[in-house]
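# Generate a structure from the sequence data that follows.
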Amino acid sequence: MKHLSFLNKIIYFINVIVALALLFSYVLPFLPPKTFSVLSVLNLGVSLLIILNILFAVYWLVKLKRQSMLSIVILIVGYVFYGSLFKFSASKNIENPNNFKVMNYNVRLFNLYKWIDKDSIETKIVDFINTEKPHVLSVQEYHPHKNINLSFFKYKYEKLSGKKDKYGQAIFSQFPIVNSGSIEFPNTANNAIFADVVKGTDTIRIYNIHLESLKINTNVEHLKNEDSERLFNRVSSTFKMQQFQTELFLMHKKQCPYKMVICGDFNNTAFSYVYRKIKGNLQDTYDEAGTGFGRTHDFKFFPMRIDFIFADEAFNVNGFKAYNEHFSDHFPIMTKLALETD
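Numbering: from 1, shown residues only. You can find the predicted model right below:
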């Protein structure tokens, strides 16, 4: 430290703060937001902290300084316990006659209120889905738009609310739906739904979860004008609500007699308490077969993965893809699954 220039001492001081923040963030998935709501806000910044620590490590390595070891060691600890923020390996793509494809997509009401200033976004979304041909489609912020034609699917379950413009969640399936229902989340338009689909001789439970939204406007100018304390309190309150919604979901999940696939927009990251609780002993299909950042949300500052598809351990995860089609504030994801018993 004494051999560092004054500027490098300042840089290393900042490095220490960022490294310790990342190290502390590793315990966040084990801290319930109802008890540690203030700390849970740090969930959203874990990706940024990882990127900053990588930059610090590279900076010191270029200068051949041993200070690089601080960030390197903490990054290795995170990799051992949580895996990589970026997957360098090629995505898995195994062809199997028993494969079936599951897609998750928050379609943002098919651009009903013209958030994207382009025409016919709703038909572009439908064309995209029909081109990719998933066997099961889980949709958040669904709206029965007059131009929507998903007749490619033979079966559907939807749960809508709202007086003027109906919206909610939906599950579309090429396989017969033999049972379906909704898990109501009080005091919100968000909820979770399920559909039991029959593929061959197997009944598979498909869950579609939409946890409470953070309601953060990612426009830079808007964020500059946002009162930081009010934003902080709103995010803390949202994380508490997400924990409550997760607890309701887990009670329902516990009673499920079937192999399951859980899809959804969690409005939280893979470093969060709700992610860890919902995932349980299921497989995150991105971890099993994805590549790159796997980003699912159009967040301007760093890649955000807040939409997930989990699969029972009985499934082989034979593929995963995060798409770049920009028809919503979310990007669609799709996995290929095959039952080991098929």
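
# CA atoms for contacts and neighbours, from now on please.
Will do.

# CA-only coordinates of stretch 272-285, as PDB, when you get a sec.
Extracted in PDB, the C-alpha atoms of stretch 272-285 (Å, rounded to 0.1, in the frame of the first residue of the first chain):
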ATOM      1  CA  SER A 272     -32.300 -12.600  -4.000                       C
ATOM      2  CA  TYR A 273     -34.200 -14.300  -1.100                       C
ATOM      3  CA  VAL A 274     -37.300 -15.000  -3.200                       C
ATOM      4  CA  TYR A 275     -35.200 -16.600  -6.000                       C
ATOM      5  CA  ARG A 276     -33.600 -19.000  -3.600                       C
ATOM      6  CA  LYS A 277     -36.900 -19.900  -1.900                       C
ATOM      7  CA  ILE A 278     -38.800 -20.500  -5.100                       C
ATOM      8  CA  LYS A 279     -36.100 -22.400  -6.800                       C
ATOM      9  CA  GLY A 280     -35.500 -24.800  -3.900                       C
ATOM     10  CA  ASN A 281     -34.100 -28.000  -5.300                       C
ATOM     11  CA  LEU A 282     -35.200 -27.300  -8.900                       C
ATOM     12  CA  GLN A 283     -32.900 -26.600 -11.800                       C
ATOM     13  CA  ASP A 284     -32.500 -23.100 -13.200                       C
ATOM     14  CA  THR A 285     -32.600 -23.800 -16.900                       C
END
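
# So which residues of the stretch 201-342 of the chain form strands?
Using DSSP state E, counting those that start in this stretch, the strands of the stretch 201-342 of the chain run over 202-210, 259-265, 283-284, 307-311, 315-322, 333-339.

# Out of the ones you listed, which is the most enclosed?
Ranked by mean neighbour count, these are led by strand 307-311 with a mean of 25 (mean count of other Cα atoms under 10 Å).

# In the sheet, which strands lie alongside it, parallel or antiparallel?
Taking DSSP bridges as the criterion, strand 307-311 forms sheet pairs with strand 259-265 (antiparallel), strand 283-284 (antiparallel).

# out of those, nearest to Thr131?
Each of the strands paired with strand 307-311 was scored for nearness to Thr131 using Cα to Cα, and the closest is strand 259-265 (20.3 Å).

# what angle do the closest one and strand 315-322 make?
20 degrees (axes from the mean of the first three to the mean of the last three Cα atoms, to 10 degrees).

# which residues are in contact with strand 259-265?
104-106, 138-140, 203-211, 306-312, 314 (Cα atoms under 8 Å, 6 or more residues apart in numbering).

# follow-up on the earlier one: and Val58, which of the strands paired with strand 307-311 is closest to it?
Ranking the strands paired with strand 307-311 by proximity to Val58 (Cα to Cα) places strand 283-284 first, at 29.7 Å.

# Please state the offset of that closest one from the chain centre?
12 Å (Cα atoms, centre = their mean, to the nearest Å).

# Where does the prediction get shaky in the stretch 201-342 of the chain?
216-228, 341-342 (pLDDT under 70).

# for it, what spans make up the helices?
220-225, 228-254, 273-279, 285-289 (DSSP state H, counting those that start in this stretch).

# want to try TSV for the ones you listed, with distance to Val18 and mean neighbour count as columns?
What follows is these, written out as TSV (distance: least, Cα to Cα, whole Å; neighbours: other Cα atoms under 10 Å):
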stretch	distance to Val18	mean neighbour count
helix 220-225	22	10
helix 228-254	19	17
helix 273-279	21	19
helix 285-289	26	21
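
# will you turn the strands paired with strand 307-311 into JSON lines that also has distance to Phe249?
Converted to JSON lines, these look like this (distance: least, Cα to Cα, whole Å):
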{"stretch": "strand 259-265", "distance to Phe249": "11"}
{"stretch": "strand 283-284", "distance to Phe249": "18"}
